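K.L.:
fold the following, please.
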Amino acid sequence: QIGGGSNVNVNSPYAILQTVAIMTIFSIFLVVNFVGSAAIRDDQSKFSELILSKPLHLAQYRLGRFFGAYLVTLLVFSMCLVGIWVGSGIGGLVGWLDTELIGPNKLSYYLTPLFVIAAPSLFFMASLFALVAQKFRTMIAMY
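P.N.:
So this is what the prediction gives:
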């Protein structure tokens with residue numbers, strides 16, 4: 001069961017941390033999509049030749065694309081935490097969750113797993129897939 005056991009609040013720090021850790025595993029497909037396509041899109045469409053005709057270093061260009069794709073990935077992944085927060089807030093009101101299993105909602109319960117578990121994991125995966133994309137220049141190699 002994702003999100004703790006039977007005696008744990010559904011929005012406890014442990015349950016949220018466990019959910020974020022499991023969702024990080026599934027986010028590998030999200031990272032491949034955003035980072036991989038951002039890394040090779042301009043090379044496939046030959047738009048990078050136009051951009052690199054200006055006084056811009058290739059490293060600056062690629063790092064800008066990488067960090068932009070990483071931040072988009074992190075933003076999309078943080079919507080999982082927004083969903084947990086909204087679900088635990090509305091779930092008790094609508095009757096989806098037992099009100100005894102809902103604890104207090106604190107922002108630190110959601111931000112700590114995001115910055116301790118998800119952000120470094122997503123950064124590592126994004127770095128790995130950006131490296132593969134820059135080396136092989138094809139999405140097939142990343143999948």
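K.L.:
give me the below-cutoff pLDDT ranges for this protein.
P.N.:
For the chain, applying pLDDT under 70 flags the ranges 1, 4.
K.L.:
which helix in it runs the most residues?
P.N.:
What stands out as the longest helix in the chain, according to DSSP state H, is helix 58-94.
K.L.:
packing partners for it?
P.N.:
Here helix 58-94 touches helix 13-26, helix 28-31, helix 37-44, helix 107-113, helix 119-136, going by 3 or more C-beta pairs under 8 Å, 6 or more residues apart in numbering; DSSP states H and E. Just so you know, the C-beta spots here come from the backbone N, C-alpha and C atoms, and that holds for glycine as well.
K.L.:
mind checking which of the ones you listed is nearest residue 88?
P.N.:
When the helices and strands packed on helix 58-94 are compared by C-beta to C-beta, helix 13-26 sits nearest residue 88, at 9.0 Å.
K.L.:
so which of the helices and strands packed on helix 58-94 gets nearest residue 86?
P.N.:
It's helix 107-113; of those, that one is closest to residue 86 (C-beta to C-beta) at 11.1 Å.
K.L.:
so for the closest one, what gets flagged as buried?
P.N.:
Neighbour-count burial for helix 107-113 flags 109, 110, 113 (criterion: 16 or more other C-beta atoms under 10 Å).
K.L.:
what's the distance between residue 86 and residue 105?
P.N.:
10 Å (C-beta to C-beta, to the nearest Å).
K.L.:
follow-up on the earlier one: a markdown table for the helices and strands packed on helix 58-94, including distance to residue 61?
P.N.:
What follows is the helices and strands packed on helix 58-94, written out as a markdown table (distance: least, C-beta to C-beta, whole Å):
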| stretch | distance to residue 61 |
| --- | --- |
| helix 13-26 | 29 |
| helix 28-31 | 20 |
| helix 37-44 | 8 |
| helix 107-113 | 32 |
| helix 119-136 | 11 |
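K.L.:
okay then, goodbye and thanks.
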